[in-house]
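Asks: could you look at this predicted model? Sequence included:
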Amino acid sequence: MPDQISPGRARSTASEPQPRVRPAAVGGVVFAAFVMGVIGAYHAIAGLAAVLNENFYQAQDDYAFDFDVNARGWVQMITGVIVFAAAVSLFSGRTWARIVVMTIAAVSALENFFFTPYQPVWSAILIALDILVIWSLAMYGRSEAHKVYGAPL
């Protein structure tokens, strides 16, 4: 029988339970970080190709979002660096890093939507990967970050 400290209340001798870490959630974050790194590298390389060679992407007839290839290349290069930096920030285990990466993944999916007429299959693959990154980060909770990285609760 536990020791009584007052009527009706028992003294707690057990420590607080450790947060349960779901391996799939932690693996999802590592997966998301690496996929976002690859997506960021792709954006940067595709942007560099557009900047170096004006004829790399051909203008599409009757496409409402057909921008200047050079400007599009610079936007893609900058986006690639931001996406890659966000992927690296995931390893801090902070909540803000997950939120930032989910937001950047959504922007990356939107950018790939506008890029669809130029590379339809690759754009569809990147949109699917961006959505998978958002899902895997949404499944990762604060308790897992505390247990794995020692992040504050």
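Replies: Sure thing, it's come through. Treat the numbers as computed from the prediction; the structure is a model and nothing was measured.

Asks: check which helices and strands whichever helix in the chain runs longest sits against.
Replies: Assignment by DSSP state H gives helix 23-52 as the longest helix of the chain. Judged by 3 or more C-beta pairs under 8 Å, 6 or more residues apart in numbering; DSSP states H and E, helix 23-52 is in contact with helix 69-89, helix 95-114, helix 120-138, helix 142-149. All C-beta spots, glycine's among them, are computed from the backbone N, C-alpha and C.

Asks: any idea how far stretch 123-134 is from the middle of the chain?
Replies: In terms of C-alpha atoms, centre = their mean, to the nearest Å, the centre of stretch 123-134 is set 10 Å apart from its chain centre.

Asks: other residues contacting that stretch?
Replies: Contacts of stretch 123-134 with the rest of the structure, by C-beta atoms under 8 Å, 6 or more residues apart in numbering, involve 31-32, 35-36, 39, 42, 101-102, 105-106, 108-109, 112-113, 115-116.

Asks: between the helices and strands packed on helix 23-52, which one is nearest to Tyr63?
Replies: Nearest to Tyr63, of all these, is helix 95-114, at 9.3 Å by C-beta to C-beta.

Asks: quick one: mean pLDDT for the longest helix of the chain?
Replies: In this model, helix 23-52 has a mean pLDDT of 82.

Asks: list the buried ones in that helix?
Replies: The neighbour-count check on helix 23-52 (16 or more other C-beta atoms under 10 Å) flags 25-26, 28-29, 31-33, 35-37, 39-40, 42-44, 46-48, 50-51 as buried.

Asks: residue closest to the middle of the protein?
Replies: With distances taken as C-alpha atoms, centre = their mean, Val101 lies nearest the centre of the chain, 3.8 Å away.

Asks: just checking, that residue touches Val88?
Replies: No. Counting by C-beta atoms under 8 Å, Val88 is not a contact partner of Val101; they are 9.9 Å apart.

Asks: tell me where this structure is predicted with low confidence.
Replies: Residues of the chain that meet the criterion pLDDT under 70 lie in 1-26, 58-60, 65-66, 141-153.

Asks: the same query, at a cut-off of 50, please.
Replies: Counting by pLDDT under 50, the chain has no low-confidence residues at all.

Asks: picking that back up, can you name the residues that contact the residue nearest to the centre of the chain?
Replies: Taking C-beta under 8 Å, 6+ apart, we find Val101 in contact with Ala32, Met36, Ala86, Ala87, Ser89, Leu90, Val133, Leu137.
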